[in-house]
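Asks: Need the 3D shape of this:
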Amino acid sequence: VVGSADHGLCELDLGACSRGGEMRKRRTLYTKTHGHTEWVTDVTHVSDGRVLSAGMDSKLCLWNASGAPRCQDLMGHTGSVSKVLASR
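Replies: Reported below is the predicted structural model:
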């Protein structure tokens, strides 16, 4: 998963690259109703398959593992979140 300044995240399929093919986008983790309102600063995978992202909008987004993009906003920070780490 790659985060960017356009407030979105892209989930990429790297399996094809390892076989000499091209990288493909699996899904975009951003919608008008779900996701960050500022730059995405960091992203990590959670052991259960979900994705956790941090942003300059002072929130963390916990994204579902598959299907249509939906996230749970984890609020509480008063400034930009620059690093996120998920542990078991």
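Asks: Bridge partners for the residue nearest to residue 2 when sequence neighbours are not counted, pull those for me.
Replies: Residue nearest to residue 2 in three dimensions, not counting chain neighbours: residue 10, with 5.2 Å by Cβ to Cβ, 6 or more residues apart in numbering. For glycine as for every other residue, the C-beta is placed from the backbone atoms N, C-alpha and C. With DSSP bridges applied, residue 10 shows beta-bridge pairing to residue 2, residue 28.
Asks: For residue 10, list the residues it contacts.
Replies: Going by Cβ atoms under 8 Å, 6 or more residues apart in numbering, residue 10 touches 1, 2, 4, 25, 27, 28, 29.
Asks: Pipe these into JSON lines and attach pLDDT per row.
Replies: JSON lines is the format used below for the contacts of residue 10 (pLDDT from 0 to 100):
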{"residue": "1", "pLDDT": "82"}
{"residue": "2", "pLDDT": "82"}
{"residue": "4", "pLDDT": "76"}
{"residue": "25", "pLDDT": "81"}
{"residue": "27", "pLDDT": "84"}
{"residue": "28", "pLDDT": "84"}
{"residue": "29", "pLDDT": "83"}
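Asks: quick one, helices of the chain?
Replies: Secondary structure of the chain, counting by DSSP state H: helices at 15-18.
Asks: what's the pLDDT at residue 88?
Replies: Residue 88 carries a pLDDT value of 66.
Asks: so which of the contacts of residue 10 is the most crowded?
Replies: residue 29 (25 neighbours; other Cβ atoms under 10 Å).
Asks: tally of neighbours for residue 51?
Replies: By other Cβ under 10 Å, 21 other residues sit near residue 51.
Asks: Who is the nearest residue to it once chain neighbours are set aside paired with across the strands?
Replies: In this structure, residue 51 finds its nearest non-sequential neighbour in residue 63, 4.2 Å apart by Cβ to Cβ, 6+ apart. Counting by DSSP bridges, residue 63 is bridged to residue 51, residue 71.
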